[in-house]
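*Asks:* need a structure here:
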Amino acid sequence: MKLVWRSYFIGIIMEKGLLVDIGRKYWSIAELKRLVLLLQEHKLTHLQLHLNENEGFALNFTDSPVSKKYSENMLKKLKEFAKTHEITLIPDFDSPGHMGSLLEQNPEFALPDSKQQAVDVTNPAVIDWIIGIIDKIVDIFPDSDTFHIGADEFIDFRQIEKYPYLVEKTREKYGNKASGLEFYYDYVNQLTEHLQKKGKQVRIWNDGFLRKDLQSLVPLNKNVEVCYWTNWDKGMAEVKEWLTKGYTLINFCDNDLYYVLGEEAGYSYPTAEKLEREGKIQKFSGQQYLNQEEMKAVRGTYFSIWADNAAAKSVSEILDDLSKILPVFMKIYGGNDE
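*Replies:* Numbers count the residues shown, from 1 in each chain. Predicted coordinates:
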């Protein structure tokens, strides 16, 4: 069965990528270069740099050095090294949720009831602020054709009544039939349109959109690519719903491909043995499987390193684990018969 799936992808350039959370765990440029070499060795194609979380923001936009933050000059060295070794970098700046670190300096932009972790998507000044940050990141990564804008875990979508300010403001603009997510959709659409004008392909996470329990009067931009990471909440749209709507998918299956430091949030480390046993190229989160025809809408598969407990493992330990996992990852998701 595996040979059939791999041979199907011969001649098609499928992304085989890795996401690394440098918003919460600092990797030196030398360590990131070691990671690039490891990806090249095992024939992966992309490295997604996850730049921010509630606990941290990886970039230093000032002219003065800041400990454990990356300046433009530091990242220039990484970009040149990655290009030389045929690894494509994808910047990943997550909003409107996961913004706690940046909101510490800009509390006036926080969404009420969000515990200072999400931005107020109803405020036009917030969008201007976020676009300003995005433009700086685009300037740092001018050769990156893809930009990931996050958009996951904005609020607890199962309990929108806990966000009365958001619901009230939304219904003031969109009417009483609005679910409360319309400003959120509009926010993502505005960022998408801005980046598209700069020639970027925009990607988002799946969990907040096309939900069964909360639908938006504002449609989602049809040109975003959707990184499908989870289906733990029964209100989330299934993979095939995204396909029905015509979206391109990237598989980030959290069940098999999430390496969460400290094994937080109920995750366990995906060992090479476990991946060999359970990983399948057509398998998405929540035991959802696509057939061969449906897989035509899938652009690739990514392995993710999340720093929920940044101190749980050293970078050297992570790289050592990856040296064992990536050969199995490529055997399953590499899209060839080698």
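*Asks:* And the longest helix along the chain, what's buried?
*Replies:* Selection of the longest helix in the chain by residue count, based on DSSP state H, yields helix 315-333. Buried positions in helix 315-333, judged by neighbour count with 16 or more other Cβ atoms under 10 Å: 315, 318-319, 321-322, 325-333. C-beta here means a position set from N, CA and C on the backbone, and glycine is covered the same way.
*Asks:* same question, stretch 288-304
*Replies:* For stretch 288-304, by 16+ other Cβ under 10 Å, it's 290, 295, 297, 298, 299, 300, 301, 302, 303, 304.
*Asks:* what residues are up against the closest residue in space to residue 75 that isn't next to it in sequence?
*Replies:* Excluding the flanking residues, the one nearest residue 75 by Cβ to Cβ, 6 or more residues apart in numbering is residue 140, at 5.6 Å. Each residue near residue 140 by Cβ atoms under 8 Å, 6 or more residues apart in numbering is listed here: 59, 72, 75, 91.
*Asks:* are any of those residues buried, and which?
*Replies:* Neighbour-count burial (16+ other Cβ under 10 Å) applied to the contacts of residue 140 gives 59, 75, 91.
*Asks:* Just confirm the last one is within a helix.
*Replies:* Read that as residue 91. No: read with DSSP: H, G, I helix; E, B strand; the rest coil, residue 91 is strand and lies in no helix.
*Asks:* That one reaches residue 139, doesn't it?
*Replies:* No: here residue 91 does not reach residue 139: they are 10.6 Å apart, not a contact under Cβ atoms under 8 Å.
*Asks:* still on that earlier bit, of the contacts of residue 140, which belong to helices?
*Replies:* Members of the contacts of residue 140 lying in helices (criterion: DSSP H): 72, 75.
*Asks:* Using JSON lines, please lay out the contacts of residue 140 together with pLDDT.
*Replies:* Listed next are these as JSON lines, based on pLDDT from 0 to 100:
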{"residue": "59", "pLDDT": "97"}
{"residue": "72", "pLDDT": "95"}
{"residue": "75", "pLDDT": "96"}
{"residue": "91", "pLDDT": "98"}
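*Asks:* hey, where'd the helices end up in the stretch 1-150 of the chain?
*Replies:* Applying DSSP state H, counting those that start in this stretch to the stretch 1-150 of the chain gives helices spanning 2-8, 29-41, 72-84, 100-103, 124-140.
*Asks:* Which parts of the protein are strands?
*Replies:* With DSSP state E as the criterion, the chain has strands at 15-21, 46-50, 52-53, 56-57, 88-95, 146-150, 201-205, 225-228, 248-251, 258-260, 283-284, 288-289, 298-306.
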